[in-house]
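fold the following and give me the result.
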Amino acid sequence: MFQGELDHVAIVVADLAESEQVYATLGFAQLYRERIEEQDVDIVGMRAGESVIELLKPLTATSPLQRFLGDQRSKLHHFAYRVDDIEAELVRLRDAGVRLIDERPRRGAHGNRIAFIHPSFSGGTLIELCQPRR
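Predicted coordinates for the structure are as follows:
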């Protein structure tokens, strides 16, 4: 089940250094930095209080994230919500008729297990389920 907590908000960016500076100016501090080759992305997590912004930088021009970003400097990508048991949540959602992008969890940043709900379910907003590493 959803824990009711927002884990992070993800923003695709053209320039990581520039975006890090923007959020640092707002009072966010770097929490983590990671490259996930299989997802073709560099990720920087920035935290202020309990809020986390994930900055996603596509690694290649052919990345799906790059196509999503287009010629913009940054673009909201998804909201991620924490779940206790991602496998059970995926079964529950599938049984409820929710269209899923990921039928099985995959590796996310810093060891989290993640899966995405298709944006058609929520009227166009991409939602990530996120089970933090234990």
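
just the C-alphas of the host helix or strand of Glu34, formatted as CSV.
Here Glu34, judged by DSSP states H and E, is contained in strand 29-36. The C-alpha trace of strand 29-36 is given here as CSV (Å, rounded to 0.1, in the frame of the first residue of the first chain):
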residue,chain,number,x,y,z
ALA,A,29,21.7,20.5,-0.7
GLN,A,30,23.0,17.6,-2.8
LEU,A,31,21.9,14.3,-1.2
TYR,A,32,23.1,11.8,-3.9
ARG,A,33,24.6,11.6,-7.4
GLU,A,34,24.3,8.5,-9.5
ARG,A,35,24.6,7.3,-13.1
ILE,A,36,22.2,4.5,-14.2
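
and that strand, what's buried?
Residues Leu31, Ile36 are the ones in strand 29-36 that count as buried (16 or more other CB atoms under 10 Å). Backbone N, C-alpha and C define where each C-beta goes, glycine included.

pairing partners for that strand, with directions?
With DSSP bridges as the test, strand 29-36 is paired with strand 41-48 (antiparallel).

ok, back up a step: can you name the residues in contact with the strand holding Glu34?
20, 24, 41-48, 52, 59, 107-110 (CB atoms under 8 Å, 6 or more residues apart in numbering).

please redo it, this time with the cut-off set to 7 Å
Glu20, Asp42, Ile43, Val44, Gly45, Met46, Arg47, Val52, Ala109, His110 (CB atoms under 7 Å, 6 or more residues apart in numbering).

could I get the residues you listed as JSON lines with neighbour count, pLDDT and distance to Phe28?
JSON lines is the format used below for the contacts of strand 29-36 (neighbours: other CB atoms under 10 Å; pLDDT from 0 to 100; distance: CB to CB, whole Å):
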{"residue": "Glu20", "neighbour count": "19", "pLDDT": "96", "distance to Phe28": "8"}
{"residue": "Asp42", "neighbour count": "17", "pLDDT": "96", "distance to Phe28": "17"}
{"residue": "Ile43", "neighbour count": "20", "pLDDT": "96", "distance to Phe28": "14"}
{"residue": "Val44", "neighbour count": "22", "pLDDT": "97", "distance to Phe28": "10"}
{"residue": "Gly45", "neighbour count": "19", "pLDDT": "95", "distance to Phe28": "9"}
{"residue": "Met46", "neighbour count": "24", "pLDDT": "96", "distance to Phe28": "4"}
{"residue": "Arg47", "neighbour count": "16", "pLDDT": "95", "distance to Phe28": "6"}
{"residue": "Val52", "neighbour count": "18", "pLDDT": "93", "distance to Phe28": "9"}
{"residue": "Ala109", "neighbour count": "24", "pLDDT": "87", "distance to Phe28": "16"}
{"residue": "His110", "neighbour count": "14", "pLDDT": "83", "distance to Phe28": "17"}
